[in-house]
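Novice: Have a look at this prediction, sequence included:
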Amino acid sequence: MKTRRETVLEQYRDSANLGARAALHERYSTNPHPWFRWVFDQLDLPDDTRVLELGCGPGILWVENLDRVPDGWCVTLTDLSAGMLEEARGKLHEGLNHGAFQVADAQDLPYDDSAFDAVIASHMLYHVPNRQRALREIARVLVPGGRLYAATNGAGNLDRLRVLKRTYFPQYAATEEESRLEGFALENGTAQLRQVFSDVVLRRYRDALVVTETEPLVAYVRSTMFAQAAQRELPPREFEGILGALRRDLDEELARHGAIRIAKEMGLFIATTDVTRA
Ligand SMILES: C[S@@+](CC[C@H](N)C(=O)[O-])C[C@H]1O[C@@H](n2cnc3c(N)ncnc32)[C@H](O)[C@@H]1O
């Protein structure tokens, strides 16, 4: 049985799995203002800010906003996965004026107290086993009055895709479902952040997917942790047979309705450390 850390590192060895999911969002999202542009809009920060990103993945937030990063920002990108960080470095080391790249676990940050003015944790806190420890680490490396920007999903996000996972891989979906419910979501994030930060606000991003092709949906399901657990454990023919059944059912549904609509629930918490902290 793999530990949670091993499973996360396997899933995020490089950006292939994340990329399959990002491709679905890029192609079929209904909001014309893309997610990462919207996240950047929320960073209301001065021109000389020191920014730390945790779990940066392949650095897409920065790739998609390079045209508006102020020259005076010092940006430190970190991830638990060395493979992800190398991809981010490859894409960004020339584009970011003052960019640094370092492998780091959010639960144990290799930085001095008050080293940053802002920390970004986008779609990553739900992967961190000891989240309170990570939140205390984030508050420690932030200056008093510094801000954490933490993006995550709501419980109903991509509901239709979860139904597909449960239907086609019932024995593997259960564990994922349990970890999602106890994780860091739009519904329970405020309470978790308030244990460490003095002020917490939530901003929601309105969006949905209207998907008109089968293959990107199959690629999405195939890229998830639970489908990969199934692929490891089932005989290859059985695994491919399940994906074949999924493909046929989606083809039928698209032939009948022309498109599959999938709800999205995404948002960003902005949490501020106590200005009077000693
Ligand atoms: C869903 S991806 C999000 C990537 C990127 N932030 C984005 O919004 O597209 C989650 C990332 O968090 C990283 N991660 C998971 N656990 C972590 C931890 N304890 N500390 C730092 N990074 C972690 C993974 O390696 C992965 O790159």
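Specialist: Happy to help now that I have it. Nothing here was measured: the structure is a model prediction, and the numbers come from that model.

Novice: pLDDT at residue 23, what is it?
Specialist: Residue 23 is assigned a pLDDT of 91 by the prediction.

Novice: so who does it touch?
Specialist: 216, 219 (C-beta atoms under 8 Å, 6 or more residues apart in numbering). To be clear about C-beta, it is placed using only N, CA and C from the backbone, and glycine gets the same treatment.

Novice: Next up, identify which helix or strand it is on.
Specialist: For residue 23, the element it lies in under DSSP states H and E is helix 16-28.

Novice: What segments of this structure are helices?
Specialist: 4-11, 16-28, 35-41, 60-63, 82-92, 131-141, 159-168, 170-181, 189-194, 215-223, 225-233, 236-257 (DSSP state H).

Novice: Sketch out the low-pLDDT regions of the stretch 1-150 of the chain for me.
Specialist: Scanning the stretch 1-150 of the chain for pLDDT under 70 picks out 1.

Novice: swap the cut-off to 80 and go again
Specialist: Applying pLDDT under 80 to the stretch 1-150 of the chain flags the ranges 1-4.

Novice: and it, which residues reach the ligand?
Specialist: Within the stretch 1-150 of the chain, the positions near the ligand by C-beta under 6 Å from any ligand atom are 8, 12, 18, 54-57, 60, 79-81, 84, 105-107, 122-124, 127-128.

Novice: Filter those residues down to the ones in strands?
Specialist: 54, 79, 122 (DSSP state E).

Novice: Let's have those residues in a markdown table, adding neighbour count.
Specialist: What follows is those, written out as a markdown table (neighbours: other C-beta atoms under 10 Å):
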| residue | neighbour count |
| --- | --- |
| 54 | 27 |
| 79 | 26 |
| 122 | 20 |
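
Novice: from the residues you listed, which single one is nearest the ligand?
Specialist: Proximity of those to the ligand (C-beta to the nearest ligand atom) peaks at residue 122, which lies at 3.5 Å.

Novice: What distance do you get for that closest one to residue 79?
Specialist: Noted for residue 122: a distance of 11 Å to residue 79, by C-beta to C-beta, to the nearest Å.

Novice: between those two, what contacts are shared?
Specialist: By C-beta under 8 Å, 6+ apart, residue 122 and residue 79 have these common neighbours: residue 55.

Novice: Tell me which residue in the stretch 151-278 of the chain sits closest to the ligand.
Specialist: For the stretch 151-278 of the chain, C-beta to the nearest ligand atom, closest residue to the ligand: residue 151, 6.5 Å.

Novice: Make CSV out of the ones in strands among the residues of the stretch 1-150 of the chain next to the ligand and add distance to residue 188.
Specialist: CSV is the format used below for these (distance: C-beta to C-beta, whole Å):
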residue, distance to residue 188
54, 19
79, 24
122, 18
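
Novice: quick revisit: show the contacting residues for the residue of the stretch 151-278 of the chain closest to the ligand.
Specialist: Residues near residue 151 by C-beta under 8 Å, 6+ apart: 39, 120, 121, 122, 123, 266, 267, 268, 269.

Novice: What of residue 189?
Specialist: Per C-beta under 8 Å, 6+ apart, neighbours of residue 189: 125, 150, 152, 200, 202, 269.

Novice: Mind listing the residues bridging to the third one?
Specialist: Right, residue 152. residue 267 (DSSP bridges).
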